[in-house]
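In: Quick one: sequence and predicted model below, then my questions.
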Amino acid sequence: MKRPITLARLLIFLLAAFFAVFSLEATLSDTLINLIPTFILVAILLISFVSPRIATFLLLITTLLFTFFFTTYDYYLKFIIITLSLTIAFLIFLFYIILTEEKIGRDTRNQDDYEDDDEDY
């Protein structure tokens, strides 16, 4: 179950690296301003290790903001690179949260585990 969320984290990391590489072509002050999306994505990536729920919410907000701020809806290549990759990462995180909540709700212990618990007391 950890494999899909690792794929989503890798996707976020690759998008942050993409932003970082293309922000280095300007002057120092412009580079720092162009690195703001990279800092946002790295912060979401670090938060995803602590709390995937918060990272999912932040990914939703970031996807919407990046779509309108970078006007990716006008150009299909920008839409595919930025919006689609963030949307895929968001959906992977969302399905991960939904599936882990369903697992928590079900009792997956078998009858032998109940017998072992009685011996400990």
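Out: Arrived safely.
In: who's in contact with the residue lying closest to residue 70 once chain neighbours are set aside?
Out: Leaving out its chain neighbours, the residue that sits closest to residue 70 by CB to CB, 6 or more residues apart in numbering is residue 82, at 5.9 Å. Heads up, the C-betas are built off the backbone N, CA and C, glycines and all. The contact partners of residue 82, by CB atoms under 8 Å, 6 or more residues apart in numbering, come to 15, 66, 67, 70, 72.
In: in the strand or helix carrying residue 65, what counts as buried?
Out: Element membership for residue 65 (DSSP states H and E) is helix 52-69. By 16 or more other CB atoms under 10 Å, the buried positions in helix 52-69 come out as 52, 53, 55, 56, 57, 58, 59, 60, 62, 63, 66, 67.
In: now the residue nearest to residue 70: how far from residue 39?
Out: Computed as CB to CB, to the nearest Å, the residue 82 to residue 39 distance reads 16 Å.
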